[in-house]
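Chemist: curious how this folds, go ahead:
(2 chains)
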Amino acid sequence: MLKLPIYLDNNATTPMDPRVLEAMLPYFTEYFGNAASRNHPFGWKAEEAVDYAREQIAKLINASEKEIIFTSGATESNNLALKGVFEMYREKGNHIITVNIEHKAIIDTCRHLEKQGAEVTYLEPQPDGRVTVEQVEAAIKPNTILISVMYGNNEIGCINPIREIGEMAHKHGVLLHTDATQSIGKIPVDVLTDNIDLASFTGHKMYGPKGIGALYVRRKNPRVKVTSQLDGGGHERGMRSGTLNVTGIVGFGKACELAMNEMAEEGVRLAKLRDKLERELLTLEESYVNGSTEHRLPHVTNISFKYVEGEGLMMGVKDIAVSSGSACTSASLEPSYVLKNLGLDDELAHSSLRFGLGRFTTEEQIDFAIDHVKTAVIKLRDMSPLWEMFKEGIDLKSIEWAEH
Amino acid sequence: MAYSEKVIDHYQNPRNIGTLDKSSNNVGTGLVGAPECGDVMRLQIQVNDETGVIEDAKFKTFGCGSAIASSSLATEWLKGKTINDALTIDNMDIVEELALPPVKIHCSVLAEDAIKAAINDYRTKQGLEPIVDGKKHY
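Modeler: Numbering: from 1, shown residues only, chains lettered A, B, ... in the order given. Modelled structure (predicted):
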C-alpha cells in the first residue's frame, strides 16, 4: 500500500538518508566538543570529525579540503560569495554578471550590492533556460569582477555550460561563482575541470541535514579570497566566523560520500523514472515541458498544463507533494519569475508543476503520480470554460476579458 | 492553505457543471474574469419565460478551489429562484456559506458578477434594459 501523500519535491529539500543520521548521532551527545577547542580531547575529537567531513566534501567536487568554507546553507554561501568578492575586489572593479532566473539568494544579494555601488547585469536566458558563453562574454566590461551563473536551475533543472563559461571568464581575468545547490551530489561537478572559482552548495538537498552548507573558494590559479560577512573568532580561514556545526558537518560529509558512491547509478535510475513521468504526462494535450530537455538534471521536470489554473490544479493533486509555478496561494498574483523570464505567459506559468524526484522515489510512486495528475488535469479541463473554448477553436486572445 | 470542508466538497463534487445553448432566447450567459488573473467563470441560466423562474443553471470555471466552489454554489442557489430573487444574491452570502478567507473574497465577487451578467444577457435577449449594478467591487 502506498503511503500518501507522495513526496516529489526533492528540489525544495530531501529527506535525510538514515545512514547520514547514524553517522551524526554520536556527535550530539558523546562527542559534543567544540572543534576550536585546542586544549583537550573533546575538541580534538570534534576537529578530527570536521577534518574528515571536509575531505569527504572536497572529494565530491575534486577540491582540496582547505578550499571548503562551512556556512549555514546555500543562501549564506551565495551571500558570502557575492558580497565577499565584491568587497574584496572592489578596487579592481564593481561589475557583476548574473542571470535573471537565478535563485533569490543571488538576485536579492545582487540588488543589495547595487545599493552599495555595484553595477549588475542580469542576463536573460535562452528560451530553454540556459545562457550561452557568448552571451556572458558579451556582457564583460573592463570593470567586471565576477560572473555568477547557477549550475542547474532549481525550478526547471536546466544545466548551464559552466565549464565553457569558466574557461572564458578566466581568459578575461574574471572570477566565476556558481550556485551548485541543486547539482552537487546529483551530477558530477568538478571545480577544476569546470573552471569554477567559487561554488555554493548545501547538505539538505543531498540527503544530509538542514542548516549546513559550504562555499568552495579556490586557493590556486587564481587564489580567491572573500571578505568575511560575520565578524568573530576568525574560523574557516577568517572567511566565516562562528563555532562549527559539528554534527551538521559530519552529516554533510557522510551525505557527500554517499552521493559520490551512488550518484552515477542513481542518476540513471532517476532519469528513467523522470522520463516515464514526463512521457506519460505529455500524452495530455496542451502540456509542455519548461526548459531544456537536453541539458538538465536527471531528477527534475517542470510541466505546464494549459487551460488549467494553477491553484485549482494544486488542490487536485493533493496526494502528491510538488511545487507550482503559481504564486496564487501567497498574497501576490505573480507567477514564478523563473518561468516568466523564460518567456512563458502568466497563464502557462501559473499552471505548471515542478516534479523533483529523489533517492527514495519508487516506480510505484511515479505510476501513482502519473494517474493522479492526469485525473486532476482532465477533471479540471472538463470544468474549464477556457478548455471548452479552445476545443471549439475560439482564440482566447480575441476575447475582451473584463480585467478584475 | 486550508480550505473549508464546503469548498472541498464543491471542488470534489461540483454541482451543475455544463453548458446550456447560449443562442437560445431563454438562456442567459455570463462570462466574467480573465485568464491572466487566474479566474474565469461562465455561468448560464435557463429561464421560464412565463414565470421568470430559473429552471436550470450550469457553470464552468477556470480557477482555484474557492472560485470553483463559489460558482458551483451559485448554480445551486439559482435553480428555482425567480430572476428578481436571484438578483438579491450577495457575494457575502457566498463568503459566509463557504467560509472563504479574506484573500478569496474576490471569488465570491466574481460569482455575483457572473450571476448579474447572466441575468443581463437574458434580459437583453428579452428586449429588456440591463440592470445597472450600483455596487462597485474594485
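
Chemist: which element is the closest residue to A:Arg381 other than its chain neighbours on?
Modeler: Spatially, and ignoring its direct neighbours in sequence, A:Arg381 is nearest to A:Trp387 (4.1 Å; C-beta to C-beta, 6 or more residues apart in numbering or on different chains). Quick note: C-beta positions are derived from backbone N, CA and C, even for glycine. Using DSSP states H and E, A:Trp387 maps to helix A:385-391.

Chemist: in chain B, where is pLDDT below threshold?
Modeler: Within chain B, the ranges that satisfy pLDDT under 70 run B:1, B:133-138.

Chemist: where do the strands sit along it?
Modeler: Using DSSP state E, the strands of chain B run over B:27-34, B:39-47, B:54-62.

Chemist: following the chain onward from the strand or helix carrying A:Leu313, which element is next?
Modeler: Here A:Leu313 sits within helix A:310-316, counting by DSSP H and E. Counting by DSSP H and E, the next helix or strand C-terminal to helix A:310-316 is strand A:320-321.

Chemist: so A:Arg90 is in which element?
Modeler: Using DSSP H and E, A:Arg90 falls outside every helix and strand.

Chemist: quick one: it and A:Val224, what's the gap?
Modeler: 15 Å (C-beta to C-beta, to the nearest Å).

Chemist: my guess is A:Glu55 contacts A:Glu65. True?
Modeler: Yes - A:Glu55 is in contact with A:Glu65 according to C-beta atoms under 8 Å; the separation is 4.9 Å.

Chemist: of A:Arg90 and A:Val224, who's got more company?
Modeler: A:Val224 (21 against 14; other C-beta atoms under 10 Å in any protein chain shown).

Chemist: show me what the longest helix seen in chain B is packed against.
Modeler: Ranked by residue count and defined by DSSP state H, the top helix of chain B is helix B:105-125. If you count contacts as 3 or more C-beta pairs under 8 Å, 6 or more residues apart in numbering or on different chains; DSSP states H and E, helix B:105-125 packs onto strand B:27-34, strand B:39-47, helix B:65-78, helix B:83-86, helix B:91-98.

Chemist: with mean neighbour count added, can I get those in a markdown table?
Modeler: Shown next, in a markdown table, are the helices and strands packed on helix B:105-125 (neighbours: other C-beta atoms under 10 Å in any protein chain shown):
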| stretch | mean neighbour count |
| --- | --- |
| strand B:27-34 | 22 |
| strand B:39-47 | 27 |
| helix B:65-78 | 27 |
| helix B:83-86 | 17 |
| helix B:91-98 | 19 |
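
Chemist: with distance to chain A added, can I get these in JSON lines?
Modeler: Below are the helices and strands packed on helix B:105-125 laid out as JSON lines (distance: least, C-beta to the nearest C-beta, whole Å):
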{"stretch": "strand B:27-34", "distance to chain A": "3"}
{"stretch": "strand B:39-47", "distance to chain A": "4"}
{"stretch": "helix B:65-78", "distance to chain A": "4"}
{"stretch": "helix B:83-86", "distance to chain A": "20"}
{"stretch": "helix B:91-98", "distance to chain A": "12"}
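
Chemist: A:Thr29: which of these is closest?
Modeler: Proximity to A:Thr29 (C-beta to C-beta) singles out helix B:65-78 among these, at 46.5 Å.

Chemist: which residues touch the residue nearest to A:Arg381?
Modeler: Contact analysis of A:Trp387 by C-beta atoms under 8 Å, 6 or more residues apart in numbering or on different chains lists A:Tyr307, A:Val308, A:Arg381, B:Phe62.

Chemist: can you dump the C-alpha coordinates of stretch A:294-311 into CSV?
Modeler: Output in CSV follows, covering the C-alpha atoms of stretch A:294-311 (Å, rounded to 0.1, in the frame of the first residue of the first chain):
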residue,chain,number,x,y,z
GLU,A,294,18.7,18.1,-23.4
HIS,A,295,20.8,19.7,-20.7
ARG,A,296,19.2,19.1,-17.4
LEU,A,297,19.4,17.5,-14.0
PRO,A,298,18.2,13.8,-14.1
HIS,A,299,15.6,14.1,-11.4
VAL,A,300,13.6,17.2,-12.4
THR,A,301,10.8,18.0,-14.8
ASN,A,302,8.6,21.1,-14.9
ILE,A,303,5.4,20.8,-16.9
SER,A,304,2.7,23.3,-17.8
PHE,A,305,-0.9,22.2,-18.4
LYS,A,306,-2.6,24.8,-20.4
TYR,A,307,-6.2,25.8,-19.6
VAL,A,308,-5.9,24.6,-16.1
GLU,A,309,-5.5,27.1,-13.2
GLY,A,310,-2.5,26.5,-11.0
GLU,A,311,-4.1,26.7,-7.6
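
Chemist: burial check on whichever residue of the stretch 201-350 of chain A sits closest to chain B, number of neighbours?
Modeler: Proximity of the stretch 201-350 of chain A to chain B (C-beta to the nearest C-beta) peaks at A:Glu311, 3.7 Å away. Other residues near A:Glu311 come to 23 when the count uses other C-beta under 10 Å.

Chemist: now do A:Pro385
Modeler: 23.

Chemist: likewise for A:Lys171?
Modeler: Count around A:Lys171 with other C-beta under 10 Å applied: 11.

Chemist: A:Gln126: helix or strand, and which one exactly?
Modeler: Under DSSP H and E, no helix or strand contains A:Gln126.

Chemist: ok, now A:Asn261?
Modeler: Here A:Asn261 is assigned to helix A:246-281, by DSSP H and E.

Chemist: beyond that helix, next helix or strand please.
Modeler: strand A:287-289.
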